[in-house]
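Visitor: compute the structure for the input listed below.
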Amino acid sequence: RQTLHNNKKRYGETMEFLRQKDFNPIETVTNFITFGTGSVEASDYMVDKLLDYGVIIRHLKSNDMPKFVRVSMGTKDEMIHFFQAMEEILPAYDKKFGRP
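Guide: Got it, this is the predicted structure:
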């Protein structure tokens, strides 16, 4: 029950964050959120740069969605770390790719 409560709360916060950043996340009932990056190169860049901050997100190439990535819901602190890492990488990301 506690995990479901956490995931629901983190899901709402993460959806809002991604919407504010113009990534248009896909609504879901899972414990992860999928969002588009606009290109395979942008997805690769985001995955690699977030990994530099210790944040692991997944490519969706194997799901025939190469222009998308997914982020799994974590604890409050883990999701705050994701938001902060995104804020760090987005200026360079925007210069290279813009928003989808």
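Visitor: can you pull the contacts of residue 67?
Guide: By Cβ atoms under 8 Å, 6 or more residues apart in numbering, the residues touching residue 67 are 36, 37, 38, 39, 40, 42, 43, 100. (Glycine included, C-beta is placed from N, CA and C.)
Visitor: what residues sit buried inside the lowest-mean-pLDDT helix or strand in the chain?
Guide: Between all helices and strands in the chain, the lowest mean by mean pLDDT, DSSP states H and E belongs to helix 2-20, at a mean of 93. Within helix 2-20, the residues scored as buried using 16 or more other Cβ atoms under 10 Å are 6, 7, 10, 11, 14, 15, 17, 18.
Visitor: which of the residues in the longest helix out of those in the chain are buried?
Guide: What stands out as the longest helix in the chain, according to DSSP state H, is helix 76-96. Buried residues in helix 76-96, counted by 16+ other Cβ under 10 Å: 79, 81, 82, 83, 85, 86, 89, 93.
Visitor: hmm, the second one is touching residue 56, no?
Guide: When you say that, I think you mean residue 81. No: using Cβ atoms under 8 Å, residue 81 is not in contact with residue 56, being 11.0 Å away.
Visitor: could you list the low-pLDDT ranges of the protein?
Guide: By pLDDT under 70, the chain has no low-scoring segment.
Visitor: so which residue is smack in the middle of this protein?
Guide: Closest to where the C-alpha atoms of the chain average out (Cα atoms, centre = their mean) is residue 71, at 4.5 Å.
Visitor: adjacent strands (with direction) for the host helix or strand of it?
Guide: Assigned by DSSP states H and E, residue 71 belongs to strand 68-72. When sheet partners are counted by DSSP bridges, strand 68-72 sits next to strand 32-36 (antiparallel), strand 58-59 (antiparallel).
Visitor: residues in contact with residue 70?
Guide: If you count contacts by Cβ under 8 Å, 6+ apart, residue 70 has them with 32, 33, 34, 35, 57, 58, 60.
Visitor: adding neighbour count, write the contacts of residue 67 out as CSV.
Guide: What follows is those, written out as CSV (neighbours: other Cβ atoms under 10 Å):
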residue, neighbour count
36, 18
37, 23
38, 14
39, 15
40, 13
42, 19
43, 24
100, 14
